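> return atomic coordinates for the entry below.
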Amino acid sequence: MGLSTNGIENGMYQEDDIENKIFSEKIDFDYKLSDWKGRSDLEVNMENVQETLVPFLGFVFRIANVKRLVNHITPEESKIFSQIDSSSLRINDIYGELPLELLRKCEGLQDLYGCFRGKLSELLSLPSISSVKWFTLQISNMSAEDFLQIAEKFIELDVNIGSRVEDQVYTKTLRIKPFVTAFANLEILNQIDRLIRMGTRNPAKHMLFYIHEELEVRMIVMIPSDIEETDYERCLRM
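Model prediction:
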């Protein structure tokens, strides 16, 4: 299990076993509240932490604005977030595992970077997602309809150029036709081999869907609208 926060701002804390202080730019804690040390990161890597970790995290999130949360807590352990006594977690960016139990409680999200293992429709319907401008997600075995949901959400939120969602499928039947059909109601500008270019509501942005057959990877990426075909490879590596 692991969790870290970078850049906890403007918080005050007060507990029986620690002195009153103002949070510095970053903080660390290990094991329990009484072991708190003002250093550089908030890190948790231990067994049997739930008894002390849940109330501590609830306390931190009540009084702090977190710029970045790095979450290595496994999906099996992610129920810990639903037990935090706070209905609103002020977190800007989340990196690592992206459990629904955590995302449901967030407000002010701007950047999601990591693996999502839950139901896609639940993720995209969360109110907390409406403020996100940067997506870098890995989601396994997505269907053409799943990619359509992502494309529609990217258009709705007008996400930043470079935002992407990709999956890896262990099959050699990576056909483009189901995606051409799924994207039929979108503005398809060009379709060549295993690539589809689509327009958005923003004249400065297009979307690129691409199947990399050798790597067995499919991805959708927001790109500049003035990008040339010769620069597609650069966009896909942004």
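> excluding chain neighbours, what is closest to residue 87?
What sits nearest to residue 87 in space, not counting adjacent residues and going by Cβ to Cβ, 6 or more residues apart in numbering, is residue 105, at 6.6 Å. All C-beta spots, glycine's among them, are computed from the backbone N, C-alpha and C.
> neighbours around that neighbour, how many?
Using other Cβ atoms under 10 Å, residue 105 is surrounded by 19 other residues.
> next up, phi/psi of it, please.
phi -90, psi 0 (degrees, to the nearest 10).
> for the helix or strand where residue 69 lies, C-alpha coordinates in PDB please.
Using DSSP states H and E, residue 69 sits within strand 65-71. Written as PDB, here are the backbone C-alpha positions of strand 65-71 (Å, rounded to 0.1, in the frame of the first residue of the first chain):
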ATOM      1  CA  ASN A  65      -5.600  21.700  -0.500                       C
ATOM      2  CA  VAL A  66      -3.500  19.000  -2.100                       C
ATOM      3  CA  LYS A  67      -1.800  19.900  -5.400                       C
ATOM      4  CA  ARG A  68      -0.800  16.300  -6.200                       C
ATOM      5  CA  LEU A  69      -1.800  12.900  -4.800                       C
ATOM      6  CA  VAL A  70       0.300   9.900  -5.800                       C
ATOM      7  CA  ASN A  71      -1.800   6.800  -5.100                       C
END
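> how far does that strand sit from its chain's centre?
Relative to its chain's centre, strand 65-71 lies at 12 Å (Cα atoms, centre = their mean, to the nearest Å).
> now for it, which elements pack on it?
Strand 65-71 sits against strand 3-9, strand 89-97, with contacts defined as 3 or more Cβ pairs under 8 Å, 6 or more residues apart in numbering; DSSP states H and E.
> which residue ranges of this structure form helices?
With helices called from DSSP state H, the chain shows them at 50-63, 100-103, 120-125, 144-157, 177-182, 232-236.
> of these, which stretch is the most buried?
helix 100-103 (a mean of 20; mean count of other Cβ atoms under 10 Å).
> tell me who's in contact with residue 81.
73, 99, 101-102, 105 (Cβ atoms under 8 Å, 6 or more residues apart in numbering).
> in this structure the residue nearest to residue 87 contacts residue 88, no?
Yes - the criterion here is Cβ atoms under 8 Å, and residue 105 meets it with residue 88 at 6.6 Å.
> how's this structure carved up into domains?
1-132, 145-238 (automatic domain parsing).
> what residues are up against the residue nearest to residue 87?
81, 84, 86-89, 128.
> next, format these as TSV and append distance to residue 143 and pLDDT.
As requested, the contacts of residue 105 are exported to TSV (distance: Cβ to Cβ, whole Å; pLDDT from 0 to 100):
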residue	distance to residue 143	pLDDT
81	27	87
84	33	84
86	35	74
87	33	74
88	33	83
89	31	88
128	24	95
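> in CSV: those residues, plus distance to residue 111.
What follows is the contacts of residue 105, written out as CSV (distance: Cβ to Cβ, whole Å):
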residue, distance to residue 111
81, 18
84, 21
86, 21
87, 22
88, 18
89, 15
128, 12
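> work out the gap between stretch 86-99 and the centre of the chain.
With Cα atoms, centre = their mean, you get 9 Å for stretch 86-99.
> tell me which residues are up against that stretch.
Applying Cβ under 8 Å, 6+ apart, the set of residues contacting stretch 86-99 is 58, 61-62, 64-75, 78, 81, 102-103, 105-118, 123, 134, 137.
> need the contact list for the residue nearest in space to the middle of the chain.
Centroid check for the chain by Cα atoms, centre = their mean gives residue 112 as the closest residue, at 2.3 Å. Contacts for residue 112 (Cβ under 8 Å, 6+ apart) come out as 93-94, 98, 132, 134-137.
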